[in-house]
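Engineer: Everything below, folded, please.
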Amino acid sequence: MVARFAEKRKALIEAGDYVGLQKLPRNASPVRLRNRCKITGRPRGYIRTFGLCRNMFRQMANDGKIPGVTKASW
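Structural biologist: Down below sits the predicted model:
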C-alpha cells in the first residue's frame with residue numbers, strides 16, 4: 001500500500017499541498033510499516049539480520065538450519 005502512494009505523496013509535498021497529504025489513508029505512510037517475521041508474521045522480537053522473530057530464530061538455530069549460528073555456552 002505504501003508504494004502505491006509514494007509518487008503521489010512526493011508530488012503533494014513538492015506542491016506544498018498539506019491538505020491533500022492529510023487526505024491520504026493513514027496506512028499509506030511509510031512510518032506505519034512494521035517489520036514482521038517471514039515465517040509466523042510476528043511483529044515483536046524481530047531480528048533484522050535474519051528477518052525472523054526470536055522464537056523462530058531460536059528454533060531454527062537449534063535445528064541447525066541457520067549456518068554459522070551456534071548456541072553459546074560458557
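
Engineer: give me every residue that touches the residue nearest in space to the middle of the chain.
Structural biologist: Closest to where the C-alpha atoms of the chain average out (Cα atoms, centre = their mean) is residue 35, at 2.3 Å. Taking Cβ atoms under 8 Å, 6 or more residues apart in numbering as the criterion, residue 35 is in contact with 43, 46, 48. All C-beta spots, glycine's among them, are computed from the backbone N, C-alpha and C.

Engineer: Sort out for me which of those residues are in strands.
Structural biologist: Residues of the contacts of residue 35 located in strands (DSSP state E): residue 46.

Engineer: most neighbours, which of the contacts of residue 35?
Structural biologist: Greatest neighbour count in the contacts of residue 35, by other Cβ atoms under 10 Å, goes to residue 46: 17 neighbours.

Engineer: That residue pairs with what?
Structural biologist: residue 53 (DSSP bridges).

Engineer: could you measure it against residue 69, distance?
Structural biologist: Using Cβ to Cβ, to the nearest Å, residue 46 is found at 16 Å from residue 69.

Engineer: again with residue 41
Structural biologist: Counting by Cβ to Cβ - residue 41 and residue 69 are separated by 22 Å.

Engineer: Same check on residue 33?
Structural biologist: Going from residue 33 to residue 69 by Cβ to Cβ gives 27 Å.

Engineer: quick one: which of the two has more around it?
Structural biologist: The residue with more neighbours, out of residue 33 and residue 69, is residue 69; 14 against 10, by other Cβ under 10 Å.
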